[in-house]
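K.L.:
heads up, no residue letters with this:
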């Protein structure tokens, strides 16, 4: 079924039954997955010249089942990676671990993450509450069961475009300037740092991971396959606490040739919290924390899930 027809069907389902119940969620999910091409359910993005692409988000939550239902309603697909509960989206895997956290992303250096959809009406049709962001047409928020804000952008949003810095013309980064090609896709991670640190963050992610520097709307940004890193100062009372121990405990990047990549980072002064090794889930991983407090797990092997 063509994308517009799918969205129209979902909208009609929403109009037919405005209340959310488990049977409706199952039916909407059945319709969504039955008529969405398997390719739109997605793999991780192809890596850049440095072997890097977006990999995963790792959440520590009190109720894994409730959070899993939220991510499935948003458009993901359930899978297991070893013993881990995971929901898969085009461009990103969402890991859900049971446990306590010291707080949500509000107050963390990683303030929020964002996804793209063709139209916000499809998210509403799946039974999720969508709150428009004042002053930003086509931008909204939806909340996880434990209060994590997930930002949403539809194609009509006016602040999606990514302008590459002079001297850069990366074809993959041009995706932000076109309608989204799938029913949902990961879009960005937004970090909050002191104003003087913004150019340092930008230069560091370009140097370490081969990212493409530019601006997403008014924000300084670095683009990697599958993810745009947005960098700005905290708004209001929002803080910039390290991610370790928060509900979004760390972000993950999938790396081809991970062992050699870790050696190169170490030669550039990166101190690893967890050295390169094979995990119980069957993939390889190494973990470190960037200079601003974002814990990053580098993986190799998640692409096969």
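P.N.:
Yep, it's here. Here the structure is a predicted model, which means the values were calculated and not measured. Numbers count the residues shown, from 1 in each chain.

K.L.:
Longest strand of the protein, counting residues only.
P.N.:
strand 52-61 (DSSP state E).

K.L.:
Would you mark the buried spots in that one?
P.N.:
Within strand 52-61, the residues that count as buried by 16 or more other Cβ atoms under 10 Å are 52-61. All C-beta atoms are positioned from the backbone trio N, CA, C, and that covers glycine.

K.L.:
how about those in TSV, adding distance to residue 97 and pLDDT?
P.N.:
Conversion of the buried residues of strand 52-61 to TSV gives the following (distance: Cβ to Cβ, whole Å; pLDDT from 0 to 100):
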residue	distance to residue 97	pLDDT
52	24	98
53	22	98
54	19	98
55	15	98
56	11	98
57	11	98
58	7	98
59	7	98
60	5	98
61	7	98
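
K.L.:
Secondary structure element for the nearest residue in space to residue 271 that is not next to it in sequence, which one?
P.N.:
Using Cβ to Cβ, 6 or more residues apart in numbering and skipping residues adjacent in sequence, the residue nearest residue 271 is residue 288, 6.5 Å away. Counting by DSSP states H and E, the element that carries residue 288 is strand 284-289.

K.L.:
The stretch 151-300 of the chain: helices as residue ranges?
P.N.:
Secondary structure of the stretch 151-300 of the chain (DSSP state H, counting those that start in this stretch): helices located at 198-209, 258-267.

K.L.:
Which among these is found nearest to residue 116?
P.N.:
When the helices of the stretch 151-300 of the chain are ranked by proximity to residue 116, the top entry is helix 198-209, at 20.5 Å, counting by Cβ to Cβ.

K.L.:
I'd like to know which elements that closest one is packed against.
P.N.:
Taking 3 or more Cβ pairs under 8 Å, 6 or more residues apart in numbering; DSSP states H and E as contact, the helices and strands that helix 198-209 lies on are strand 212-216, strand 219-224, strand 227-232.

K.L.:
can you tell me which of these comes nearest to residue 145?
P.N.:
Going through the helices and strands packed on helix 198-209 one by one, with Cβ to Cβ as the measure, strand 227-232 comes closest at 24.2 Å.

K.L.:
tell me the mean pLDDT for the closest one?
P.N.:
Mean pLDDT, strand 227-232: 98.

K.L.:
what about the strands in the stretch 51-200 of the chain?
P.N.:
Under the criterion DSSP state E, counting those that start in this stretch, the stretch 51-200 of the chain carries strands at the ranges 52-61, 77-81, 84-89, 92-98, 110-117, 131-132, 139-143, 149-154, 162-164, 185-192.

K.L.:
about what we covered before: name the residues that touch the strand holding residue 288?
P.N.:
Strand 284-289 is contacted from outside by 242, 244, 250, 258-259, 262, 265, 270-279, 295-301, using Cβ atoms under 8 Å, 6 or more residues apart in numbering.

K.L.:
quick one, it and helix 258-267 angle?
P.N.:
Between the axis of strand 284-289 and that of helix 258-267 there is an angle of 20 degrees, by axes from the mean of the first three to the mean of the last three Cα atoms, to 10 degrees.

K.L.:
partners of strand 284-289, with directions?
P.N.:
Each strand paired with strand 284-289, and its direction, by DSSP bridges: strand 272-278 (antiparallel), strand 295-300 (antiparallel).

K.L.:
any idea how far it is from the chain center?
P.N.:
Its chain's average C-alpha position is 18 Å from that of strand 284-289, according to Cα atoms, centre = their mean, to the nearest Å.

K.L.:
residue contacts, the residue nearest the centre of the chain?
P.N.:
By Cα atoms, centre = their mean, the chain has its centre lying nearest to residue 186, at 4.7 Å. If a contact means Cβ under 8 Å, 6+ apart, then residue 186 has 54, 89-92, 113-116, 226-227 as its contacts.

K.L.:
Please work out how many residues are found near the nearest residue to residue 248 once chain neighbours are set aside.
P.N.:
The shortest distance from residue 248 to any residue that is not its chain neighbour, by Cβ to Cβ, 6+ apart, is 5.1 Å, and that residue is residue 105. For residue 105, the tally of surrounding residues (other Cβ atoms under 10 Å) stands at 24.

K.L.:
And for the one 5 residues further on?
P.N.:
Applying other Cβ under 10 Å, we find 25 other residues in the vicinity of residue 110.

K.L.:
Any regions of the stretch 151-300 of the chain where pLDDT drops low?
P.N.:
238 (pLDDT under 70).

K.L.:
whoops, the stretch 1-150 of the chain was the one
P.N.:
Using pLDDT under 70 as the threshold, the predicted model of the stretch 1-150 of the chain has low-confidence ranges 1-42.

K.L.:
List phi and psi for the residue lying closest to residue 207 once chain neighbours are set aside.
P.N.:
When the adjacent residues along the chain are set aside, residue 207 lies closest to residue 268, with 7.9 Å between them (Cβ to Cβ, 6+ apart). Torsion angles at residue 268 (phi, psi; degrees, to the nearest 10) stand at phi -100, psi 10.

K.L.:
I am finished for the moment; much appreciated.
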